[in-house]
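*Asks:* let me see the structure of the following:
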Amino acid sequence: MRKLAFLLRPKWLVLAAVVLAFAFLCFSVLAPWQLGKNTSTSARNDLITRSVDADPVPISDVLTANGFPAEDEWRRVIASGAYVTDSDVLVRLRSIRDQPAYEVITPFVIDGGPTVLVNRGYVLPVEGTRAPEFEAAPAGEVTLNARVRQAEGTSREPVEDDGRLQVYNINPEQIGAAVGVDAIDGYLQLDDAQPGGLGLIELPQTDAGPYLSYGLQWLAFGIMAPLGLAYFARAEIRERRNSRAELANAMSGEPDIEPEPENKAGPDEEEEFTLPTRREKRAKARAASRPTTPSDPRLADRYGKNR
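*Replies:* Purely as a prediction, here's the structure:
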């Protein structure tokens, strides 16, 4: 346990707390958030895919006392009734094909039934962000082909700008209270070429998006963070062990053994040729300049050096 005592130091405790908190967030918040978005996106795509080929049904087949069931979203329906004139509401901060837009909401009274909000489509702003003029909803009895949509939550209170009531979300309770109608939960989104229709709001793309890969990445980060902490702790332990071993060797007083040069020739190997040093050159020059003895001429004559 003494080897791990350094882990109780403040810097290691802070590091461990940060790593564990990050791993906890990865497993409990970040990964479930992305995986949940992937699940909801996949469920929405399934509903859209089924609704594309399905025939429209009377709105009474999907209408309940509480509005429209979630499993019937995007389903095509046929509704007969009349628009509530002079009660249009604009939805702000919408985007159509990467352009800012307003969506137009008008209440619609179903024959023999309740009032439902109808998203008639979009209009583009003029002069920057000002809401444009648009065609009013037709009066009298009409029949609509539309898709069932779920209500949105509320974020801000309605505002009035340029003489028109504007909201930030399609929430039947909020809009109904603002225009004086009792609208059911949920709304209808018009198909193409319908009475009172404006710019067509196309169906969203049915790709799954990157949410699954993002969720798996957060799970991987949650696993890697504690493993990284364990790696650095192990490296610190190994470094401390090596330092103690070097200190013990230094205190033992053992002389250092000088290693033999690597280029020393073996018994069966020829030594590497090197040029003579300056000292060797001077010694050779002195030996050559020494005076000859009396026997040198005789030896030279005997061996033919003077011939």
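
*Asks:* how far does the helix or strand where Ser243 lies sit from the chain's center?
*Replies:* Assigned by DSSP states H and E, Ser243 falls within helix 211-252. Its chain's C-alpha centre and that of helix 211-252 lie 26 Å apart, by Cα atoms, centre = their mean, to the nearest Å.

*Asks:* and that helix, what other elements does it pack with?
*Replies:* Packed against helix 211-252 by the contact rule (3 or more Cβ pairs under 8 Å, 6 or more residues apart in numbering; DSSP states H and E) you find helix 10-25, helix 31-53. Placement of C-beta: from N, CA and C, glycine included.

*Asks:* now do the shortest one, average pLDDT.
*Replies:* Same thing as helix 10-25. Helix 10-25 shows an average pLDDT of 91 in the prediction.

*Asks:* what ranges do the strands span in the protein?
*Replies:* Counting by DSSP state E, the segments of the chain that form strands are 57-58, 76-83, 89-96, 99-110, 115-123, 141-149, 159-161, 164-167, 183-190.

*Asks:* now the second one: mean pLDDT?
*Replies:* This points to strand 76-83. Over the span of strand 76-83, the pLDDT mean works out to 94.

*Asks:* kindly report the same for the last one.
*Replies:* Per-residue pLDDT over strand 183-190 has a mean of 93.

*Asks:* what does the longest one give?
*Replies:* Throughout strand 99-110, pLDDT has a mean value of 94.

*Asks:* distance of Arg240 relative to Ala248?
*Replies:* From Arg240 across to Ala248, the span is 13 Å (Cβ to Cβ, to the nearest Å).

*Asks:* where does this structure dip in pLDDT?
*Replies:* Judged against pLDDT under 70, the low-scoring parts of the chain cover residues 1-3, 253-279, 281, 286-307.

*Asks:* can you give me the neighbour number for Asn242?
*Replies:* If you count neighbours by other Cβ atoms under 10 Å, Asn242 ends up with 10.

*Asks:* quick check: the gap between it and Ala248.
*Replies:* The spacing between Asn242 and Ala248, counted by Cβ to Cβ, is 11 Å.

*Asks:* possible to save the strands of the chain as JSON lines with distance to Ile175 and mean neighbour count?
*Replies:* Rendered in JSON lines, the data for the strands of the chain read as follows (distance: least, Cβ to Cβ, whole Å; neighbours: other Cβ atoms under 10 Å):
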{"stretch": "strand 57-58", "distance to Ile175": "24", "mean neighbour count": "12"}
{"stretch": "strand 76-83", "distance to Ile175": "14", "mean neighbour count": "19"}
{"stretch": "strand 89-96", "distance to Ile175": "5", "mean neighbour count": "18"}
{"stretch": "strand 99-110", "distance to Ile175": "6", "mean neighbour count": "21"}
{"stretch": "strand 115-123", "distance to Ile175": "6", "mean neighbour count": "23"}
{"stretch": "strand 141-149", "distance to Ile175": "13", "mean neighbour count": "19"}
{"stretch": "strand 159-161", "distance to Ile175": "13", "mean neighbour count": "11"}
{"stretch": "strand 164-167", "distance to Ile175": "6", "mean neighbour count": "18"}
{"stretch": "strand 183-190", "distance to Ile175": "7", "mean neighbour count": "22"}
